[in-house]
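Asks: Mind folding the following:
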Amino acid sequence: MKRLYVLPILLAGTVNAQQQQPPIRQLGAISAKSTVTWNNILGLRALPGGRVLVNDVAGRKVVLLDSTLAQIGIVADTTPATATAYSGRIASIIPYRADSTLFVDPQSMSMMVIDPSGKMTSRVMALPRSEDAGMLGGALGSSAGLDAKGRLVYRAPFRFVRTGPPPSGAGGMPMMPTPPESAMIVRVDLATRQLDTVGVIKIPKVNMQMSQDDKGNMRMTMETNPLPQADDWAVLSDGTIAFVRGRDYHVDFVNADGSKTSAPKVPFEWQRLSDEDKIAFIDSVKAARARLAASTPVGPSPAGAPAGAPGAGSPDGGGASRVVVQFGPDGGGRGGPAGFNGQPQVSFVSPSELPDYKPPFLPNSVRADASGNIWVRTIPTRQIPGGPVYDVINREGKLIDRVQVPAGRTIIGFGSDGAVYLATRDTSSPTPTMTLERAPIK
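Replies: The predicted model follows:
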């Protein structure tokens, strides 16, 4: 008898949540478009006067643009004029004190300071910890920021802990350790180098296995879920750290004074996935991945991943698939180093492993604007013409706006003057490029 009462209560709660959602409105019209050719934008820093620093991780350059998005100059690249500042392929730019910017180059283990005028200064700092180099560069590094006390906040790397000899699988092959399903967000005082953990986020589960065939080829398989139920995070303009929880869609805050608060659930139109829905979703992802593979040239990915691998550094973020890398006598191939078989083979988890409810967002979908609001790129639960829809959540964790950006665009940054910076990818050319645009929030 109890089940007869539970279902109406759940349905009523869903209807109420939908009624509390603000209506979807359109972003302001595009007001400026850059003519600079970009390979893969993985960071943007708005400066006073409408100027912008843009980090092109694939083009290996940081460019200064004026208020019309026209190029003023090159801040960092691989030429002698900038002392080969951009030595690595996963550098990042992070907001620093008083409109200055940190240029993080993990390969040289250094952080250089770009002044508010967009010029590289002579000030250089060592990375907080050498083992964190990879996490402070690329897509993960672009999420880093300073808290209210000027401490650098970023995601720490995985730590695999083993006791005793590594276990063996079939044929004596070493078994790969299972990566954790959570990650620590840490903060470090750049003066004292004191580090502590500020929070923990749930991340997509990854399965890794090693196998060997009769020819001696070793194969490493990495499999992830294209529809993961995960958390995301951001550093707000006042130094508050926000953790957006994907399981029940609410925000936890670590405030400037060190206290912690948890906001109520954000209204969301939850969509239940039946077994048939899960199969259809996997089929659609397979088809999309096949189209992407057909339109993308084989070669090293912008973030330095193996040739043909999904673009983990793309502004869209999102799910991944199963990547197979082979080493041995039959290894070595087009687009990869010796011992790598070129284009990875891709497959997907079983539909039964998808969540029962479609998550509200995918990883790398959270941005913070200059007013302290959180923008979450949501996963659509129904067909809506146009581009992606962002939930705008205020400092109290309340949903205050829902904004749709033009089709094919994604938000990569904000200006203090109410500007929104958008990126769109053009895959029609032999070498895919990106376009940078600006629009007002309203």
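Asks: how about the helices in the protein?
Replies: Ranges of helices in the chain, per DSSP state H, are 2-20, 138-141, 275-295.
Asks: Lowest average confidence across the ones you listed, which one?
Replies: The weakest mean pLDDT among the helices of the chain belongs to helix 2-20, with a mean of 44.
Asks: Could you pull up the residues touching the residue nearest to Arg51 when sequence neighbours are not counted?
Replies: Of all residues not flanking Arg51 in the chain, Asp66 sits nearest, at 5.8 Å (Cβ to Cβ, 6 or more residues apart in numbering). For glycine as for every other residue, the C-beta is placed from the backbone atoms N, C-alpha and C. Shown in contact with Asp66 (Cβ atoms under 8 Å, 6 or more residues apart in numbering): 50-51, 72.
Asks: out of those, which is most surrounded?
Replies: Neighbour tally across these (other Cβ atoms under 10 Å): the maximum, 19 neighbours, falls on Arg51.
Asks: Help me confirm that it comes into contact with Leu69.
Replies: No - the criterion here is Cβ atoms under 8 Å, and Arg51 misses it with Leu69 at 9.7 Å.
Asks: From Asn394, how far off is Asp401?
Replies: Remark: distance between Asp401 and Asn394 (Cβ to Cβ, to the nearest Å) = 9 Å.
Asks: Actually, Leu102.
Replies: Look at Leu102 and Asn394: by Cβ to Cβ, they are 28 Å apart.
Asks: Who has more neighbours out of those two?
Replies: The neighbour comparison of Leu102 against Asn394 (other Cβ under 10 Å) goes to Leu102, with 24 against 15.
Asks: My read is that the more buried one contacts Ala76, right?
Replies: No - counting by Cβ under 8 Å, Leu102 does not reach Ala76; the two are 11.6 Å apart.
Asks: what do the two both touch?
Replies: In the contact map built from Cβ under 8 Å, 6+ apart, the residues linked to both Leu102 and Ala76 are 112, 114.
Asks: what about the strands in the stretch 251-400 of the chain?
Replies: Ranges of strands in the stretch 251-400 of the chain, per DSSP state E, counting those that start in this stretch, are 260-262, 322-327, 345-347, 361-368, 374-378, 389-393, 399-404.
Asks: contact partners of the fourth one?
Replies: Which is strand 361-368. For strand 361-368, contacts defined as Cβ under 8 Å, 6+ apart pick out 139, 143, 203-204, 227-228, 230, 232-237, 242, 244, 246, 315-319, 374-379, 411-414.
Asks: The residue sitting nearest the centre point of the chain and Arg51, how far apart?
Replies: For the chain, the residue nearest the mean C-alpha position is Asn364 (3.0 Å; Cα atoms, centre = their mean). Separation of Asn364 from Arg51 (Cβ to Cβ) stands at 26 Å.
Asks: same check, this time on Phe103
Replies: Counting by Cβ to Cβ, the separation of Phe103 from Arg51 is 16 Å.
Asks: There's contact between Asp105 and Met125 in this structure, I believe.
Replies: No - shown here, Asp105 and Met125 do not form a contact pair, counting by Cβ under 8 Å, at 11.2 Å.
Asks: Mind listing the shared neighbours of those two?
Replies: Joint contacts of Asp105 and Met125 (Cβ under 8 Å, 6+ apart) are 111-112.
Asks: Same drill for these two, tell me which one is more crowded.
Replies: When neighbours are counted by other Cβ under 10 Å, Asp105 and Met125 differ, and Asp105 comes out ahead with 23 against 14.
Asks: Got the confidence number for the more buried one?
Replies: 88.
Asks: list the contacts for the closest residue in space to it that isn't next to it in sequence?
Replies: With Cβ to Cβ, 6+ apart as the criterion, Asp105 has its nearest non-adjacent residue at 4.9 Å, and that residue is Ala91. Applying Cβ under 8 Å, 6+ apart to Ala91 gives the contacts 55, 57, 60, 62, 76, 103-107, 137-138, 141.
Asks: Drop the exposed ones from these and show what's left.
Replies: Neighbour-count burial (16 or more other Cβ atoms under 10 Å) applied to the contacts of Ala91 gives 55, 57, 60, 62, 76, 103-106, 137-138, 141.
Asks: how about those in JSON lines, adding distance to Leu27?
Replies: As requested, those are exported to JSON lines (distance: Cβ to Cβ, whole Å):
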{"residue": "Asn55", "distance to Leu27": "23"}
{"residue": "Val57", "distance to Leu27": "25"}
{"residue": "Arg60", "distance to Leu27": "30"}
{"residue": "Val62", "distance to Leu27": "26"}
{"residue": "Ala76", "distance to Leu27": "30"}
{"residue": "Phe103", "distance to Leu27": "30"}
{"residue": "Val104", "distance to Leu27": "30"}
{"residue": "Asp105", "distance to Leu27": "34"}
{"residue": "Pro106", "distance to Leu27": "34"}
{"residue": "Gly137", "distance to Leu27": "30"}
{"residue": "Gly138", "distance to Leu27": "27"}
{"residue": "Gly141", "distance to Leu27": "27"}
